[in-house]
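In: Okay, sequence plus prediction incoming.
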Amino acid sequence: MERCVVALEEKIRDYLGNLGFEIYPFKVGWYNEALPPAFHLPYPDNTLAFVVVSIPAMFDKAFKPFLRNQVLKKIRDPIDQCISYHLTLVKQSLDNQQLDIMYDYEMLPNRKPRFLAQTAAHVAGAAYYYQRKDVQQDPWGEKKIYGVCIHPRYGGWFAIRALLLFPEVEVPFLLRNSPIDCVTTEEKRITLLEKFNFHWKDWSYRDIIEVKDKYSEEQKMYFATPPAERLKLLNLQE
Ligand code: GSH
């Protein structure tokens, strides 16, 4: 069984790795134990799952080629459609393996997200989820402070896109990798949460650590532009 899981992981990584995605395995139990029951994923604790994140290279390696091959008038959510296109191909390549895909943009009927992406990234060891509780001398009083994930190689220049869940694959033996704590000092953590909560529009929180790669100017411009005007920007629509 352990060898099958390694092979499965390799197969998914072989496909998605060339497209600017990373995957991190985890057990559903690790996620569920971090959250109140209302947020639990409805699978047994030992169920195999992966977090899928996009890194800066996704824009050139997956997104632009995807756009070139589409009938643009029919595209409403180019980024989301590109990701679901590739994850659907992953699913098809796994023949009879049962695979449930949950996307970050999916909502439950009660308007809650289908899963908490940052918690999933943290428990899978993909990116450290810095929260108010990670700061000892909390300067924020009554203010609501949102937490943010930081990737050890890409800082804030990445996005959590989906979960892959394998209901038929149990992995009691899976070893847990802790996320890398790359914002180590109290001062830096305070700066990070301040930037993310009060200056998120300038994106400076993404550079809280030195990064190996970040969004190109073109990619930054794309995401900073309102969705309705984005395709025009890439010269893909009159
Ligand atoms: N639904 C639209 C689409 O599919 O094109 C918008 C997608 C979108 O812009 N998503 C944001 C994103 O990918 C939120 S996750 N941002 C990249 C980032 O913030 O790093």
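Out: All right, it came through fine.

In: those helices in the chain, which residues are they?
Out: Counting by DSSP state H, one finds helices in the chain at the ranges 2-17, 28-33, 58, 64-68, 78-93, 117-123, 186-198, 217-224, 230-233.

In: Report the buried residues of the last one.
Out: In this case it means helix 230-233. Going by neighbour count (16 or more other C-beta atoms under 10 Å), the buried part of helix 230-233 is Arg230, Leu231. To be clear about C-beta, it is placed using only N, CA and C from the backbone, and glycine gets the same treatment.

In: and it, what's its mean pLDDT?
Out: When pLDDT is averaged along helix 230-233, the result is 84.

In: which helices and strands sit right next to it?
Out: helix 217-224 (3 or more C-beta pairs under 8 Å, 6 or more residues apart in numbering; DSSP states H and E).

In: likewise the second one?
Out: Other helices and strands packing on helix 28-33, by 3+ C-beta pairs under 8 Å, 6+ apart, are strand 47-54, helix 117-123.

In: do the longest one and the ligand meet at all?
Out: Same thing as strand 47-54. No. Using C-beta under 6 Å from any ligand atom, strand 47-54 stays clear of the ligand, coming no nearer than 7.3 Å.

In: hang on, the earlier thing: dump the helices of the chain to TSV, plus distance to the ligand.
Out: Shown next, in TSV, are the helices of the chain (distance: least, C-beta to the nearest ligand atom, whole Å):
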stretch	distance to the ligand
helix 2-17	16
helix 28-33	19
helix 58	9
helix 64-68	10
helix 78-93	3
helix 117-123	9
helix 186-198	12
helix 217-224	5
helix 230-233	7
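
In: so which of those comes closest to Val51?
Out: Val51 lies closest to helix 117-123 among these, at 4.9 Å (C-beta to C-beta).

In: This completes my enquiry, with thanks.
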